[in-house]
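Student: Need coordinates for the below:
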Amino acid sequence: MHAINQATEFNLNAPEFYFSRELSWLEFNYRVLHEALDARTPLLERLKFLAIFSSNLDEFFMVRVAALKQQVEAKVRKLSADGRVATEQLDAISERLRPMVSLQHLHFEQEIRPALSQQNIHILEYVDLNQEQRLYLQRYFEEQLFPVLTPLAVDPGHPFPHISNLSLNLAVVVKDPETDEELFARVKVPKLLPRFVRLPDQDWGGGFVFVPLEQVIAHNLESLFPGMNIQEYHPFRITRNADLELEEDEADDLLVAIEQELRKRRFGGSVVRMEVQATMPLPVLQMLKEELSLADKDVYEVDGTLGLGDLMSFMSLPLPDLKDAPFTPAIPPRFRRLADPGTLADEGEDIFSLIRQSDLLLHHPYDSFSATVQRFITDAAHDPAVLAIKMTLYRTTGDSPIPQALIEAAENGKQVAVLVELKARFDEENNIHWARRLEKAGVHVVYGLVGLKTHTKVAMVVRREEDRIRRYVHIGTGNYNPKTARIYTDIGLLSCRDDLAADLTDLFNYLTGYSRQRSYRKLLVAPVNMRERMIALIRREIEHTKNGRAGRIVAKMNALVDPQIIATLYEASIAGVQIDLIIRGMCCLRPGLAGLSENIRVVSIVGRFLEHSRIFYFHNASKQEVYIGSADWMPRNLNRRVEAITPIEDPELIKDLEEILGIMLADHRHAWDLQPDGSYVQRRSPERSRELNCQKVLLDMANS
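Tutor: Numbers count the residues shown, from 1 in each chain. Next up, the predicted model:
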């Protein structure tokens, strides 16, 4: 009992035992940046990680920083987990982020660009071009750019124009030769054209030569301002608050309400950040700050090219030696016995007979999504024995075959019900498009529950077989999205177990009808019972430890933020439970504190694939319980989202998941260990040739 009583020595809610979620997220984005800094990463992949770092920051400012600034404006004194008010959080963000942004740009200019040139990929400044190249770009400007550009003057007769979110612009100063007056104008760099203009490469040995689009515009400004003397030009880029503000309980039609909010987003909320080149003179900078209502701390000055998120376009270059080695997702052995995708096996064997044999565990992208999950839906759409299909869609692509299969299923006379989550952030427009198409085809479309996002990833197929109705289910950790299924790691379960099927039936009734369902046979469902069950599973490990048995927890997820879960993990650590947490992104738990969290280790893996799967392992006195599902340990997942987590009960599948977790914990190529002070230290193998890259190991295993 003494170990448990130690918990009373600590105030488990004390701010010093928690990290700020915002600062923890910045540390995650630094790990993304580090993949670009790491010479072991192939060159074009380094460009990709620079781009991801930038696009991640855009969303961080649009949502998280915007929310903190709103708190400041509303004089809200809400404290973060580590005890800071919004102004203190904003100051801490700025202090940590500015060196990161400087490092990103410095590395791009001084390391990446020269390395690209060595590979005959040249990103040139306009001043480096020869006469022939300048003439080519002048023609390009006249034919492609000039017709779409609109210079906007700023003077008493022309108010300062609206600057759209994430737009790159030129602040231009011209002088009227007749009055000698200096005038200001803004020119927007169009998004519809390639950000980096490719030049004819005959003079560069068959390589690739690019010039930033804004420089092409800048060096042809005379055409936009005829008769004026161009004094100077300076690129700038802004970020606005882009989170939707919905009063769901007051909306008669959620779809229409979200469409209206999306229109507002296009115009944008208040400006939360401006990026400028460090060479911008103070008068121009001051004018922009005043017009956009910005303070000094909202401005990020950089040396070099703005908007490095656009570097992602270089991944399309046909240079496989500068990228990760290509891979083909493996078709799991039992699926290989099926005929070609889209047809049923001649021998009478089909995907449903495979599932009837035993539960199937899928691990994407190592296991093929198209040959398994996608086939599950598309075969069901055309199988005469299938009566109904029900599923949730959180994020999918504009050309996804899965919603198309649902449309075909409805056209084939099957009952099809789909919950389309319209509130999936930054995917709202795409989801509205699919919702309208599905409805038009006769699919029953629902948009979720008021006040809750439906984040769970579940599908059910109802099939008539001989003298009974059988239900087949898929429960996963990832979206039904064939594109992200190739770059996100996710786990899925295919099963026809009656208890899971009955639970999923109850869950769909909860989503589409009126239900106060409080109990489920197997599923852990948020916001119904998931929090209580997770805490109970942690506490059971504490009880095992108290009774002299080994206590062990391994949990893998995207983020750990929930204070109640963290406090319970602290209690478990104090009791002696050994805990390994594989947390890709934010982690507010402080590991390694003597007496409190010395039995907790936190590792983050950032590599080629985005670690997105959620796996929860509880040793349970050698009677292991393992769960997979859609939820992280965050308040939003446990309180404000519909989530589902399923137990994995087949002993062989439990062994598979234990092996996956073990391989990830052994990684010393992409693994970073969280320190008690909040910093992360990347593991290093003493021998490069023997470093264990968990994602490569899993790829090799899938294809063996």
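Student: model confidence over the longest helix seen in the chain, on average?
Tutor: Ranked by residue count, the top helix of the chain under DSSP state H comes out as helix 86-107. Average pLDDT, helix 86-107: 96.
Student: contact partners of that helix?
Tutor: Contact partners of helix 86-107, identified using C-beta atoms under 8 Å, 6 or more residues apart in numbering, comprise 20, 22-23, 26, 29-30, 33, 36-37, 50, 53-54, 57, 65, 68-69, 71-72, 76, 78, 80, 84, 297, 300, 302-305, 308. C-beta here means a position set from N, CA and C on the backbone, and glycine is covered the same way.
Student: Select only the buried ones of those in PyMOL?
Tutor: Only the buried entries of those go into this PyMOL selection, using 16 or more other C-beta atoms under 10 Å:
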select buried, resi 20+22+23+26+29+30+33+36+37+50+53+54+57+65+68+69+71+80+84+300+302+305+308
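Student: From the contacts of helix 86-107, which land in strands?
Tutor: Tyr300, Val302 (DSSP state E).
Student: Of the contacts of helix 86-107, which belong to helices?
Tutor: Within the contacts of helix 86-107, residues falling in helices by DSSP H are 22-23, 26, 29-30, 33, 36-37, 50, 53-54, 57, 68-69, 71-72.
Student: Show me where the stretch 101-250 of the chain has its strands.
Tutor: Taking DSSP state E, counting those that start in this stretch, the strands of the stretch 101-250 of the chain run over residues 121-123, 152-154, 168-176, 181-188, 196-199, 208-212, 229-240.
Student: Disregarding residues adjacent in the polypeptide, which is nearest to Ile663?
Tutor: Cys694 (4.9 Å; C-beta to C-beta, 6 or more residues apart in numbering).
Student: pLDDT weak spots in the stretch 151-300 of the chain?
Tutor: For the stretch 151-300 of the chain, the stretches flagged by pLDDT under 70 are 201-206, 244-268.
Student: how about 90 then?
Tutor: 153-162, 164, 200-207, 241-269 (pLDDT under 90).
Student: gap between the most far-flung residue of the chain relative to its centre and Met228?
Tutor: Distance from the C-alpha centroid of the chain peaks at Glu178, with 54.0 Å (C-alpha atoms, centre = their mean). For Glu178, the distance to Met228 (C-beta to C-beta, to the nearest Å) stands at 10 Å.
Student: Run through the helices of the stretch 201-350 of the chain in chain order.
Tutor: Taking DSSP state H, counting those that start in this stretch as the criterion, the stretch 201-350 of the chain carries its helices at 213-218, 254-267, 282-292, 333-336.
Student: mind checking which helix or strand of the protein has the lowest mean pLDDT?
Tutor: helix 2-5 (a mean of 42; mean pLDDT, DSSP states H and E).
Student: What residue spans form the domains of this protein?
Tutor: Structural domains of the chain, as assigned by automatic domain parsing, span the residue ranges 2-8+524-702, 43-318, 333-512.
Student: I'd like the distance from the shortest one to the chain centre, please.
Tutor: Taking the mean of its C-alpha atoms, domain 333-512 sits 22 Å from the chain's own mean (C-alpha atoms, centre = their mean, to the nearest Å).
Student: That one: end-to-end distance?
Tutor: Start-to-end span of domain 333-512 (C-alpha to C-alpha, to the nearest Å) is 36 Å.
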